[in-house]
Structures are given as C-alpha cells and as structure tokens.
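S.K.: model this:
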Amino acid sequence: MTGEARIDHLVTSGTFSLDGGTWEVDNNVWLVGDDREVYVIDAAHDARAIIDAVGDRRLLGILCTHGHDDHVDAAPEVADATGAPILLHPEDEVLWRMRHPRRAPDGRLVEGDVLTVADTELRVLHTPGHSPGAVCLYAPTLTAGAPDEGGLSGVGTLFSGDTLFQGGPGATGRSYSSFPTIIDSIRDRLLTLPAETVVRTGHGDSTTIGAEAPHLEEWIARGH
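M.R.: Below is the predicted model of the structure:
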C-alpha cells in the first residue's frame, strides 16, 4: 500500500543555451510520489542531487515539460543510474537532439496521457508556444501548499514548466517558439483550470491560476 502523495522540490543551477547564446539559470526540479515510488519532473543540471532526492524509491519516469537543454541536461544520467524511462513530447525532439544527439528519449508524453503515482493522477496537457512540444502536468487532487512557497495552498497542482510563470507567459523570443501559440495554450488549456490550482513553475516562485487569470489581456497587449 503506497502512502499519500507529496511534492518534493529541488533548485538546481546551470546554463541554458540556444540560438548562439548561453545564460546562467536556476531551475525547479519537482518530485511527485510517496515513500515507495516517484516521478521526476524536469531533470535539470545536477543528476547527483536528483538521484539523492529520489533515494531508495522506485523512479517511475523522468517527465520532461519540454526539450530545452536546461530542463533535460541531467536526464540521461538520472535514467542510467535508476533505469527509469525519459518521456518527452515528440515535437520537442528537435530541441532534445541539440543537447543529446546520441541518446533518444524512451517514450512520449502527449495530450490525454494519464500517469499515476501513489494513487495520484498526473494528466498531460499539450501547451505549445514556449516550444512546439511543451507540456504541463495537472494533478487535480494533489493538495498544494508548503511553507517555502509563501503559504500558497489549494486543491490541485499544475506543473507548468516554462509555459506559465508568476507574472506571465514563458519566453517566446527564440527559435521554435510562438507568442500567439503560448497565449492560446494558456487561455484554452490552463486558465480554464480551477482558480485555486497551485502552479509550480520551471523557474522561480509558484503562483495560482486565480492570480494569473485576470492578467491575460495585459500579457496580450505587452506581446504586440
């Protein structure tokens, strides 16, 4: 019998490179599971720290919200150490291959997939815009809230990768991205979720759907 699902959180540091530029970044790595089994969402930068956070639990998979190198650079090492599969939306394989040309993902994350860990569902939402194969993972029953997240609480958690942040959409100024597409994804796929849903992002602080929804028109105006 598995225990109640919980969320563990790491912040790892490294670089993001695309279109000839390189930037220092801090990434959020999320682990969802219980004392026996767990998923890792975005294996960024520090494989050893991620493996240590998994501990002696069974790692069911490494879920990539998208293929940018800062979100996938540690994935093969974590996979090789644990035997867990790496899952990525197929439309982001072009980005994956920039970082890992000789190692393919092991499986796909596509719209409608439902992954289960510790009796908790993670539903895959395809949310293109930041990248063609960007996905978010929605856990409608996962109770959210932790002291290190400013007291945010609610029922339902969205792991948004780089699609939605506190204060607006993810960046769309580089190759394989589209501002109109990310706005459509946020409007149609994310802002329709319950307002109390806590949004755990790929970088920076968490937020809620209710906090971000009123600002959609402001984001659209800024993007033109």
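
S.K.: in stretch 65-80, what counts as buried?
M.R.: Residues 65-76, 78-79 are the ones in stretch 65-80 that count as buried (16 or more other CB atoms under 10 Å). Using the backbone N, CA and C atoms, a C-beta is placed for each residue, glycine as well.

S.K.: restricted to helices, list these.
M.R.: Asp69, Asp70, His71, Val72, Ala75, Pro76, Val78, Ala79 (DSSP state H).

S.K.: of the residues you listed, which is the nearest to Met98?
M.R.: Met98 lies nearest to Asp69 out of those, by CB to CB, at 6.5 Å.

S.K.: can you give me the strands in this structure?
M.R.: Taking DSSP state E, the strands of the chain run over residues 6-18, 21-33, 37-41, 58-63, 86-88, 107-108, 114-117, 120-126, 135-144, 154-161, 164-165, 168-169, 198-201, 207-208.

S.K.: now those as TSV including mean neighbour count and mean pLDDT?
M.R.: Formatted as TSV, the strands of the chain follow (neighbours: other CB atoms under 10 Å; pLDDT from 0 to 100):
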stretch	mean neighbour count	mean pLDDT
strand 6-18	16	97
strand 21-33	17	98
strand 37-41	24	98
strand 58-63	22	98
strand 86-88	24	99
strand 107-108	14	98
strand 114-117	16	98
strand 120-126	20	98
strand 135-144	22	91
strand 154-161	25	92
strand 164-165	24	98
strand 168-169	20	98
strand 198-201	26	97
strand 207-208	22	96
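
S.K.: next up, the contacts around the spatially most central residue of the chain.
M.R.: Centre of the chain computed as the mean C-alpha position; nearest residue by CA atoms, centre = their mean is Gly161, 3.2 Å away. Neighbouring residues of Gly161 by CB atoms under 8 Å, 6 or more residues apart in numbering: Asp42, Thr65, His66, His71, Thr127, His130, Ala134, Val135, Cys136, Gly170, Thr201, Gly202.

S.K.: list the beta-bridge partners for it.
M.R.: Thr201 (DSSP bridges).
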